[in-house]
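**Q** Just need the structure, nothing else, for what follows:
(chains A and B, ligands or ions: 3)
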Amino acid sequence: MELKSNVPTGPIEQAWDKHRFDLKLINPANKRKYNIIVVGSGLAGGAAAASLGELGYNVQCFCYQDSPRRAHSIAAQGGINAAKNYHNDGDSIYRLFYDTVKGGDFRAREYNVYRLAQVSVNIIDQCVAQGVPFAREYGGNLDNRSFGGAQVSRTFYARGQTGQQLLLGAYQALERQVGLGTVKMYSRRDMLDLIVINGQARGIVTRNLLDGKIEVHLADAVILATGGYGNVFYLSTNAKGCNATAIWRAYKRGALFANPCFTQIHPTCIPVAGEYQSKLTLMSESLRNDGRIWVPKNAGDKRVPNSIPENERDYYLERRYPSFGNLVPRDIASRAAKAECDAGRGVGPSGLGVYLDFADAIKRLGKHKIEERYGNLFEMYERITGENPYEVPMRIYPASHYTMGGLWVDYNLMSTIPGMFVGGEANFSDHGANRLGASALMQGLADGYFILPYTIGNYLATAKPGPVSADAPEVREALANVTNITNRLLGTKGTRSVDSFHRELGKIVWEYCGMGRNATGLQKALGLIPALREEYWKNVRVLGSNEEFNQSLEKAGRVADFFELAELMCLDALNRNESCGGHFREEYQTPEGEAMRDDDKYTYVAAWEYKGPGQSPALNKEPLEFKYVHPSQRSYK
Amino acid sequence: MKLTLHVWRQKNAQDKGRLVRYEVPNVNEHMSFLEMLDVLNESLIEKGEDPIAFDHDCREGICGMCGMMVNGKAHGGHKGTTICQLHMRHFKDGDELYLEPWRAKAFPIVKDLAVNRGALDRIIAAGGFISVPTGSAPDGNAIPVQKQESDLAMDAAACIGCGACVAACPNAAAALFTGAKISHLGHLPQGQPERDRRSMAMVEQMRIEDFANCTNIGECVAACPKEIQLEVIVRMNRDYIKGALTNRPTSLKGDSA
Ligand SMILES: Cc1cc2nc3c(=O)[nH]c(=O)nc-3n(C[C@H](O)[C@H](O)[C@H](O)COP(=O)(O)OP(=O)(O)OC[C@H]3O[C@@H](n4cnc5c(N)ncnc54)[C@H](O)[C@@H]3O)c2cc1C
Ligand code: SF4
Ligand code: FES
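**A** Ligands and ions are numbered 1, 2, ... in the order given. Have a look, this model is predicted:
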């Protein structure tokens, strides 16, 4: 398949403005004749639905929770980047662009990233105008802090609830449109299939989670903004309902899946406590601004942290990376923690943990200042672990957090299925092999407020999708497909719960396709996963019926898709014989243990194409070009 | 430890519902309350019994999806804590717990412990926003906000829309929720132009949704996991009265684009 990225040519600084000017417009009076489906109400979907509604389109927006305000964007704590240079510390659009391309280990598209940095400035303005209560300085101006991978202070925040406040801004804009009647909101709906007619995306099939009704919704264009697939690991920082179903089923309808193996492991999560554990909790990366990370110098030192003297502690990030110290990017911080634990210096009952210590910061700034900066995070930590982080250092360990892979999209955020657009974490576009902190919120809102509203108009004006009928054979086929999957899951009547399978799958993916990967392990996983999947379809137990509120059935469909996705992740990881960002192939490292890229062979986006059940997917490559930021060994020393 | 649970089981909105008793052995103090229910549900599934339905998603105390009454207390009654963040170390071996859904006319039961809180979204749709078009905003620092005001706005904006205030209120009023949104926007310069009309529209919607009036009992504040303060209700009432006295009846929503 030929991948047309539609990336503009010419100077990068003017590319988006020029492209935007070239995009076709639709007369305001005609907009209401177009129906647009938006699946997802997080930052990307909520912002897109609100903006498209405001432009006058007829929008239908879907989410699986009971309210759009609960999309997982709400959980983001730390902040959102923008190249405002309010602090006069040398920031600029170009620098944000540069940091992001470099942070992504040269596996992102330059033109997309530049555009992201450019619109970042408008995002903050938009959110301020909506009433997002960003932190302020005493003079009334917006406050900033710094985040991993950057040496300037460009992260805007609202206490430790930045995602919540940004999402509420988008949600309120969305509800305003709901009140005006331009957007119809469908809550508690699961998208279970995509309807493609004459090669164009024309609708979706959903299950009403309240009563099991399988419904068809048709439109002129479809946007998927369904978030990330990190729950494939079972334990992750994602909400319980986060899933890959919408993008996975679109993949099976012809959308290419790009870079599935690029998952971000976040360095500062609360370590796993026991088998019953259902999720992992993130401690915001902003804590690394004031917290110092260390382990005891001697392996097996089990003394309580406060009785380990200064000269027997190893502040290993400060030692290894003197210029970035505790603020090195996430992939680097995560691997460094794993290395310490592998060498027996890990702390806590499981030995899988390192200390994040605030004692120095409290001495320097006073407890009050620390409380003001991180109070709610400290409370959260104490609630979960029963330990008081003002008195003993926090224990942290890396966990699956964000997925840089996702559906392949071109510069217009359109997938390989015409009429189907993908925004936010569900697409692969802007972060390359590693996402810097505070840039996912930026991307979600950039896509939703400032990019999709333009590019969709262009598609509708040029492709002119005509009317379709609910009786079309493609619609009936999609309906039958959904009913089949549901009946199969309910009909299996095995002995094992969905969760028990999901947990087992998660362990395989974490072990062999987690923080470190190697060919032997990946090959092993590629044997284990299909075997477990086969058992799943023979032995899963889903009680009850379709025609009711049935949470086990919801989960069962999601886990079925995770099985298939997990296999593709391993295949992708095995194909990429290099290390980059969140993809660390143990065979490819420098003598100092840093990731070693192979630019000659792997400067491409791996876009996988579904070839049918039981068939191997085909690998398509989109070559990446770096005209502005020249690939170099990433160094944070 | 070992616990005895009495859980409200109700197949759907039409079903009558009743309390069913379950024994949960092997509760670990590090589990969250919802993980304890997960473990019970796994054992029910093994026995071929319908697992208990309850709403949850983030399990980090931020999405507002979870919520139930435990021994008559919303979210289990621990200060500033959602049920997903409540850990079992707060309970003792042999404890007997009653688990029931939020009860309010405006929150119809979906199944077991899950209810429908769509009414809260409709209150926001009635006026809980600032009417600002996308993409034409002035520079962020062009609207300075006093730190103190911004902090007060944030205090109120922290509401997660869980509905515990409604469930805890003997009248099933939604005043704390609505007051929180009104206070959030009312503390900011951007929120001023629509301030009075906003409160009128939202208060009116509360009535339409069958939430009763607030009689200042304060149970909501005790139950709120985000510790939203009673002052938000005072603010809502003040804005409402001012609006009612000074406004011409216009629609807040304006013309549709
Ligand atoms: C704990 C945590 C902290 C984070 N902190 C930060 C931070 O500080 N800064 C930062 O920049 N990023 C942060 N991130 C990352 C960032 O929050 C996410 O990447 C981003 O919010 C994703 O937004 P989204 O709109 O793409 O998806 P989401 O917000 O996840 O929204 C997905 C939407 O899709 C819907 N949906 C999903 N599947 C279906 C389906 N099958 N059918 C119907 N609807 C469906 C959901 O209901 C939801 O509405 C954090 C992430 C986590 C998990
Ligand atoms: S005011 Fe408190 S209790 Fe009420 S919905 Fe908001 S967070 Fe929940
Ligand atoms: S599950 Fe999100 S607040 Fe409890």
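**Q** Show the pLDDT at residue A:149.
**A** With respect to pLDDT, residue A:149 has a value of 63.
**Q** which residues of the chain score low on pLDDT?
**A** In the absence of a named chain, this looks at chain A. A:148-149 (pLDDT under 70).
**Q** look at chain B instead
**A** B:248-257.
**Q** try it again with 50
**A** Scanning chain B for pLDDT under 50 picks out B:255-257.
**Q** what about the strands in it?
**A** For chain B, strands defined by DSSP state E occupy the ranges B:3-9, B:18-24, B:69-70, B:73-74, B:96-100, B:109-111, B:114-115.
**Q** OK, contacts around the closest residue to ligand 2 within the stretch 201-350 of chain A?
**A** Among the residues of the stretch 201-350 of chain A, residue A:239 lies closest to ligand 2, at 17.5 Å counting by CB to the nearest ligand atom. No exception for glycine: its C-beta is placed from N, CA and C like everyone else's. By CB atoms under 8 Å, 6 or more residues apart in numbering or on different chains, the residues touching residue A:239 are A:72, A:75, A:279, B:57-60, B:63.
**Q** cutoff 10 Å now
**A** A:65, A:70-72, A:74-75, A:227, A:230-231, A:279, B:56-60, B:62-63, B:65 (CB atoms under 10 Å, 6 or more residues apart in numbering or on different chains).
**Q** ditto for residue B:234
**A** With CB under 10 Å, 6+ apart, residue B:234 has these contacts: B:179, B:183, B:216.
**Q** do you know how far the last one is from residue B:230?
**A** Using CB to CB, to the nearest Å, one gets 8 Å for the distance from residue B:216 to residue B:230.
**Q** how about whichever residue of chain B sits closest to chain A, phi and psi?
**A** Taking CB to the nearest CB, chain A has its nearest neighbour within chain B at residue B:144, 3.0 Å off. Dihedral pair for residue B:144: phi -70, psi 150, per degrees, to the nearest 10.
**Q** got a list of what it touches?
**A** With the criterion set at CB under 10 Å, 6+ apart, residue B:144 makes contact with A:136-137, A:139-142, B:150, B:189.
**Q** Out of those, which end up buried?
**A** Neighbour-count burial (16 or more other CB atoms under 10 Å in any protein chain shown) applied to the contacts of residue B:144 gives A:136, A:141-142, B:150.
**Q** Restricted to helices, list those.
**A** Within the buried ones among the contacts of residue B:144, residues falling in helices by DSSP state H are residue B:150.
**Q** still on that earlier bit, what about ligand 1: which of the contacts of residue A:239 touch it?
**A** Among the contacts of residue A:239, the residues lying close to ligand 1 (CB under 6 Å from any ligand atom) are A:65, A:71-72, A:75, A:227.
**Q** rewinding a little: pick out the most distant pair among the buried ones among the contacts of residue B:144.
**A** Using CB to CB, the two most remote members of the buried ones among the contacts of residue B:144 are A:141 and B:150, lying 10.5 Å apart.
**Q** Spit out the residues that contact these two alike.
**A** A:134, B:144.
**Q** quick revisit: hey, which of the strands of chain B is tucked in deepest?
**A** strand B:114-115 (a mean of 24; mean count of other CB atoms under 10 Å in any protein chain shown).
**Q** Against ligand 2, how distant is residue B:224?
**A** Distance, residue B:224 to ligand 2, by CB to the nearest ligand atom, to the nearest Å: 3 Å.
**Q** ok, that residue touching residue B:155?
**A** No: when contacts are counted by CB atoms under 10 Å, residue B:224 is not listed as touching residue B:155 (11.6 Å).
**Q** Could I get the contacting residues of the residue of the stretch 251-400 of chain A found nearest ligand 3?
**A** Taking CB to the nearest ligand atom, ligand 3 has its nearest neighbour within the stretch 251-400 of chain A at residue A:279, 9.6 Å off. By CB under 10 Å, 6+ apart, the residues touching residue A:279 are A:231, A:234-240, A:242, A:269, A:399, B:32, B:34-35, B:58-60, B:84.
**Q** Mind doing that once more with 7 Å?
**A** A:235-236, A:240, B:59 (CB atoms under 7 Å, 6 or more residues apart in numbering or on different chains).
**Q** circling back to that earlier point, mind picking the two most distant members of the contacts of residue B:144?
**A** Spanning the widest gap among the contacts of residue B:144 are A:137 and B:189, at 15.9 Å by CB to CB.
**Q** circling back: wait, is the residue of the stretch 251-400 of chain A closest to ligand 3 part of a helix?
**A** No: checked against DSSP: H, G, I helix; E, B strand; the rest coil, residue A:279 lies outside a helix; its state is coil.
**Q** Hmm, residue A:457 is touching residue A:27, no?
**A** No: assessed by CB atoms under 7 Å, residue A:457 is found out of contact with residue A:27, at 10.2 Å.
**Q** more crowded one of those two?
**A** Shown here are residue A:457 and residue A:27; by other CB atoms under 10 Å in any protein chain shown, residue A:457 has more neighbours (20 against 9).
**Q** mind checking which helix or strand that one is in?
**A** Assigned by DSSP states H and E, residue A:457 belongs to helix A:452-463.
**Q** For ligand 1, what's its nearest residue on the stretch 301-450 of chain A.
**A** For the stretch 301-450 of chain A, CB to the nearest ligand atom, closest residue to ligand 1: residue A:424, 2.4 Å.
**Q** Please name the nearest non-neighbouring residue to that residue.
**A** residue A:44 (2.7 Å; CB to CB, 6 or more residues apart in numbering or on different chains).
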